[in-house]
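# Sharing a model prediction with you, sequence too.
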Amino acid sequence: MGAYPLHQAMKNISLILLIGCTIPLKGLSNNSDSASFYFQKGIAEKEAKRFLPASRAFDKAVTFDPTMVSAYLENAVVSMEMRRIHQAMELYKKVHQLDPQNKKAIEALMELNYNYRNYREAIRFAELCKGCEQSDKIVGMSLYQLEDYPAAEKKLQEASRKFEQDAEIFYTLGKNYLDMEEYAKAIPYYEKAVIIDPTKGRWMYELGLICYNQSKYQEAVAAFDKAAAAGYTQSSDFKENLGFAAIYAGYDERGEALLLELQSKKPGNTEITRSLAEIYYQQRKYDKSLKMCQLLMEKNPDDSKALYQAGLNFIKKGDKDRGQQMCDKAIEKDPSLASLRKKKEMPGGL
């Protein structure tokens, strides 16, 4: 056989190389077309609110093009619609991995991590989310949850200036000051929060407790009333706090009615009646204090503390002899009461 012509060999080699290059390119083109086809199918299903078929179509799209950011992003959106929160988070993470500057993914991861109580991750994504409206709020609330109260205060103050009608920001600021034990500072932020959102009964109840502990009793009663009107459960604790706030605010009949009703449900516990006797005594309402002492002694004729308190009331009313005799009799029954002779008033309740 003759030698194979060199020029023919070169043509065959070129043909082989050409075929070798063309086949993969054709495959890539087919993959791209398929990815685009399933992506468009997913969009159509999404617009028709058929979210599960949409999600499956987006899944199919990325099998043909694993770098298709738009498919992962749309799949995350429909996953949220289906309340598949964990799946959505993983999809947004994939978008962030492929496109670190993708604002939609960063913003979503900021919010999802906060909702999942991954506060440090929420802060990290918030700091990446340049220009995101909620970033200061998320950072501030995350810092509050992490108990970094001074830093939380700064961020939440910044957020409150941007969003003057965001009740949650003002409420969290109030809670932040409360946990910093700056109670007077907490009150105006609670007040602002419940003005913006008057449906938050729990917030109103917390405001009432703060006002009560700051000796703002009328404000406390008003806050408790608003909490009840907003649907907050009027438990025994709620009624007791409202009752004592009413007494201290000067609404004696209302407070007394609430408290004695509670006392009637626990006949073996006289703590509320004793407290009323002491409060009225401190307020120089001696007849009312005597009424409470009488209730106590009707339940237990040997109640030496109630007898002693009654004696003090008579002394304050000007009937010193009668009052002194009652105090002496009480001390005979309970010698420990003798130490109270050195004090002008009964300490901290009977």
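Nice, I can see it.
# hey, where'd the helices end up in the stretch 101-250 of the chain?
Per DSSP state H, counting those that start in this stretch, the stretch 101-250 of the chain carries helices over the ranges 103-115, 119-128, 135-145, 149-162, 167-179, 183-196, 201-213, 217-229, 236-249.
# For these, could you give me CSV that also reports mean neighbour count and distance to S70?
The way it works is simple: take the backbone N, C-alpha and C, and place the C-beta from them, glycine included. Formatted as CSV, these follow (neighbours: other C-beta atoms under 10 Å; distance: least, C-beta to C-beta, whole Å):
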stretch, mean neighbour count, distance to S70
helix 103-115, 21, 10
helix 119-128, 20, 20
helix 135-145, 23, 24
helix 149-162, 18, 31
helix 167-179, 22, 32
helix 183-196, 18, 38
helix 201-213, 21, 42
helix 217-229, 20, 48
helix 236-249, 20, 53
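# Save those helices as a markdown table, and put in mean pLDDT and distance to A306 too.
Below are those laid out as a markdown table (pLDDT from 0 to 100; distance: least, C-beta to C-beta, whole Å):
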| stretch | mean pLDDT | distance to A306 |
| --- | --- | --- |
| helix 103-115 | 96 | 55 |
| helix 119-128 | 96 | 53 |
| helix 135-145 | 96 | 47 |
| helix 149-162 | 96 | 45 |
| helix 167-179 | 97 | 37 |
| helix 183-196 | 97 | 34 |
| helix 201-213 | 97 | 26 |
| helix 217-229 | 97 | 25 |
| helix 236-249 | 94 | 18 |
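# Select, out of those, the one closest to G318.
helix 236-249 (24.3 Å; C-beta to C-beta).
# now the helices of the stretch 101-250 of the chain as TSV including distance to I43?
What follows is the helices of the stretch 101-250 of the chain, written out as TSV (distance: least, C-beta to C-beta, whole Å):
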stretch	distance to I43
helix 103-115	16
helix 119-128	26
helix 135-145	29
helix 149-162	34
helix 167-179	34
helix 183-196	38
helix 201-213	42
helix 217-229	48
helix 236-249	52
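# Indicate which one of these is closest to K317.
helix 236-249 (20.0 Å).
# Please put the alpha-carbon coordinates of stretch 278-294 into CSV.
What follows is stretch 278-294 as a C-alpha-only set of coordinates in CSV (Å, rounded to 0.1, in the frame of the first residue of the first chain):
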residue,chain,number,x,y,z
GLU,A,278,-52.4,49.0,105.5
ILE,A,279,-52.9,51.1,102.4
TYR,A,280,-55.9,53.0,103.8
TYR,A,281,-54.0,53.5,107.1
GLN,A,282,-51.1,55.1,105.1
GLN,A,283,-53.5,57.2,103.2
ARG,A,284,-55.0,58.4,106.5
LYS,A,285,-58.4,56.9,105.6
TYR,A,286,-58.7,55.4,109.1
ASP,A,287,-62.4,54.5,108.9
LYS,A,288,-61.8,52.5,105.7
SER,A,289,-58.8,50.8,107.3
LEU,A,290,-60.9,49.9,110.3
LYS,A,291,-63.5,48.3,108.0
MET,A,292,-60.8,46.0,106.7
CYS,A,293,-59.5,45.2,110.2
GLN,A,294,-63.1,44.3,111.1
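# So what's the gap between that stretch and the chain middle?
40 Å (C-alpha atoms, centre = their mean, to the nearest Å).
# Ok, stretch 307-322 next?
The chain centroid and the centroid of stretch 307-322 are separated by 50 Å under C-alpha atoms, centre = their mean.
# Now it: buried residues?
The neighbour-count check on stretch 307-322 (16 or more other C-beta atoms under 10 Å) flags L307, Y308, Q309, A310, G311, L312, N313, F314, I315, K316 as buried.
# Among those, name the ones in helices.
L307, Y308, Q309, A310, G311, L312, N313, F314, I315, K316 (DSSP state H).
# Would you check which pair of these lies furthest apart?
It's L307 and K316 that sit farthest apart of those, by C-beta to C-beta, at 15.3 Å.
# what bits of the stretch 201-350 of the chain have low per-residue confidence?
341-350 (pLDDT under 70).
# got the contact list for K288?
D252, E256, L276, Y280 (C-beta atoms under 8 Å, 6 or more residues apart in numbering).
# What sits closest to T270 if chain neighbours are left out?
Nearest non-adjacent residue to T270, counting by C-beta to C-beta, 6 or more residues apart in numbering: L296, 5.8 Å away.
# What's the local residue count around the one you found?
21 (other C-beta atoms under 10 Å).
# okay but it is in contact with S304, surely?
No - counting by C-beta atoms under 8 Å, L296 does not reach S304; the two are 10.5 Å apart.
# still on that earlier bit, mind putting the buried residues of stretch 307-322 into CSV with distance to A152?
Formatted as CSV, the buried residues of stretch 307-322 follow (distance: C-beta to C-beta, whole Å):
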residue, distance to A152
L307, 53
Y308, 50
Q309, 47
A310, 52
G311, 53
L312, 49
N313, 50
F314, 55
I315, 53
K316, 49
